[in-house]
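Fold the following.
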Amino acid sequence: ETRHKKKSKRDLTKLGTPLALVLQLGLSADYVEFAADILMIHEYLIPSPIDLLRVLIVLYNTPEFVPKNFQLCEGEEGDLKQVYKDRLCNVLRLWLQTRYEKLVTTPKWEDMFSKFRSQLSDENHKNLLDQCHEIVTSQFKEFKQFTAQFTAKVEKEADFVSLPLRSIHPQQLARQLTVIEQGHLQAVNLTDFYDKAWNNPDSTPGLTAWINDFTDMTYWIATTIVDAQDENGCRTSAARRDTISFWIQVMNELLSLNNYNSVMQVFSAFSLPSIDDLSEWEAIPKPEMEIVNKVTTRIGTSTDYQQYRQLLDEILSKEQPCIPFLSLMLRDLTFIEKTPTSNGASGYCNFKKLSFLANIFDRLQTLMLILYDIPKDANIQQLLIHKTIFNSEQLSEAASSFVPQVSEPPELTMPIPPLPQVPPLPSPGQKKDASQAPKQVILEKTFQDCLSKPQQLDMFASWLGEKSRIHENALECMLKMITFSRLPPTNPNESRASAKEIWSNYLTPTSPKCIGAISPQILTEIEEVIFDVNFTPPSFLFDELGEGCYDILDEVYPQFLMEHGN
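All right, here's what the predicted structure looks like:
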């Protein structure tokens, strides 16, 4: 009943150690709201649901320890001990309703909860919890059976004959992209988002696949534009223009479906330098450019996505299906997680932080429960499986065939210090050929030494490509920042172009290879420098961010050494 309503007592300060906060369940006047928060994020306080259930059972069976300042709320009457037990019964019911998937799939918790219910002497409480458990379990099974159609993997057909992309109606493609996104949303667990768990890809396979798919889809959309062909199979400027128009229409349909993650995939593709610089944009009709402007306004990229956040509130209040913008959610969680959960000296928990997290997780879980009713289209799904994806270099090469050639830059007056000759990282969706890796390499013990060893750096990059797209992006970004820092000041155009590439590919929340959350103040300062035509970007522009990438990679380098026997 309290879901998504503004919590009038949100400003109350809760103090205590993790166990002390749990012990307050059922005591405070706002116990329903307080319990909703605690139960949504109890892993931050008591990781095991079995341990939490044990605490609640002890509290229920010992109502004589109710403090003297315990007060009745409006509508409550009778013996204080009975009221306290009534509240704890409601807490258990609320827990079942909010964290059903975690609980009904934990056999030991189920056994303990069943034993507790069988021993209850209060028939009202026993009937209430039995009915709630029966309803929740039945609904959970039905829900999983229904959502299996979205999470089931579509097998790749070897003899599939590809459809011409523009022969598909934009609405049809938007609906099938939404089916894929809904599958990703159903494949993740709520705990995948706890405490930046996505930094360990092995423990969050569903979320990792969703993150990687965003990059793949962004680069595929860009590929369809630069590689657009006419009916004779020739790349033409007209085909490219028509493909841009097609994707604008798809983006408009995605917007009407509340599929904001796919909207941002298209938007991110448009923001890639190889697409943003195309001359074909000048030939796009005004009505379609108005759609692009509408998307920009409704998402609110220039105001920290304020408009999008308001739209999400409206969608939740109307209980409409929606695919949230994943990268922004991860960015927000990263910022919140920077605040310590507890004070090291006192041991007190930061309940304000936990309340923020509980609100985000509550909204996410609600979105998981509201489903689209869209059947899969086998032909379109096969098209999406068989997609060809260009990497950044291939996109630039394909795009340049229609862009007027720029005059050759003047000869440099000073030599550039040589960089290590590092083979390119795997492009999205591609794997390294293990047969090309050296059989025996003496690995450097520190990441700093690894940077000067091209062969070992190549091995590290390949390993990251298999383990974590986020860390792979950080390595690629750091190497490009090093290259930028070594560009001579005599060629400001080259410096600005290099800085823009780093900006659009890695730094903003909409970047296809976003390296993670970056302070808005730092982003604003960098943006002002990059897009000021009267100012040459200094070589130290990305030094602070480069150190951040270095620290991220330095954390995982020991694991790389362990797995390679050094």
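
Where does the prediction get shaky in the stretch 201-350 of the chain?
By pLDDT under 70, the weakly predicted segments of the stretch 201-350 of the chain are 301-302, 343-346.

Make sure Lys513 is actually in contact with Ala474.
No. Counting by Cβ atoms under 8 Å, Lys513 does not reach Ala474; the two are 9.2 Å apart. The C-beta positions use only the backbone N, C-alpha and C, and glycine is treated the same way.

confidence score at Ser114?
As predicted, Ser114 sits at a pLDDT of 93.

burial count for it?
Counted with other Cβ atoms under 10 Å, residues neighbouring Ser114 total 13.

so how far is the helix or strand harbouring it off the chain centroid?
With secondary structure defined by DSSP states H and E, Ser114 is part of helix 107-118. In terms of Cα atoms, centre = their mean, to the nearest Å, the centre of helix 107-118 is found 35 Å from the chain centre.

For the stretch 151-300 of the chain, which segments count as helices?
170-187, 205-226, 237-256, 260-271, 273-276, 286-299 (DSSP state H, counting those that start in this stretch).

now Asp130: how far from Leu103?
As for Asp130, its distance to Leu103 is 15 Å (criterion: Cβ to Cβ, to the nearest Å).

These two: which has the busier surroundings?
Neighbour count, other Cβ under 10 Å: between Asp130 and Leu103, Leu103 has more, with 20 against 14.

Excluding its own residues, what touches the helix holding Ser114? List them.
By Cβ atoms under 8 Å, 6 or more residues apart in numbering, the surrounding residues in contact with helix 107-118 are Pro49, Ile50, Leu53, Arg54, Ile57, Leu92, Leu103, Val104, Lys126, Leu129, Asp130, His133.

From those, list the buried ones, please.
Pro49, Leu53, Ile57, Leu92, Leu103, Val104, Lys126, Leu129, His133 (16 or more other Cβ atoms under 10 Å).

Tell me if I'm right that the first one and Val104 touch.
In other words, Pro49. No. Using Cβ under 8 Å, Pro49 is not in contact with Val104; the gap is 10.8 Å.

Val58: neighbouring residues, count only.
Count around Val58 with other Cβ under 10 Å applied: 11.

quick thing: my sequence starts at 19, can you match it?
Let's use 19 as the start, then, which means that last one is Val76.

separation between the nearest residue to Cys532 once chain neighbours are set aside and Ile229?
Nearest residue to Cys532, sequence neighbours excluded (Cβ to Cβ, 6 or more residues apart in numbering): Ser345, at 5.7 Å. Applying Cβ to Cβ, the value for Ser345 to Ile229 is 8 Å.

before we move on, what about Leu181?
28 Å.

and if you look at Val197?
19 Å.

With Asp572 instead?
Distance from Asp572 to Ile229, by Cβ to Cβ: 21 Å.

more neighbours, the two?
Ile229 (21 against 13).

and the nearest residue to the more buried one once chain neighbours are set aside, how many residues sit next to it?
In space, and not counting its chain neighbours, Ile229 is closest to Arg487: 6.0 Å by Cβ to Cβ, 6+ apart. Applying other Cβ under 10 Å, we find 21 residues neighbouring Arg487.
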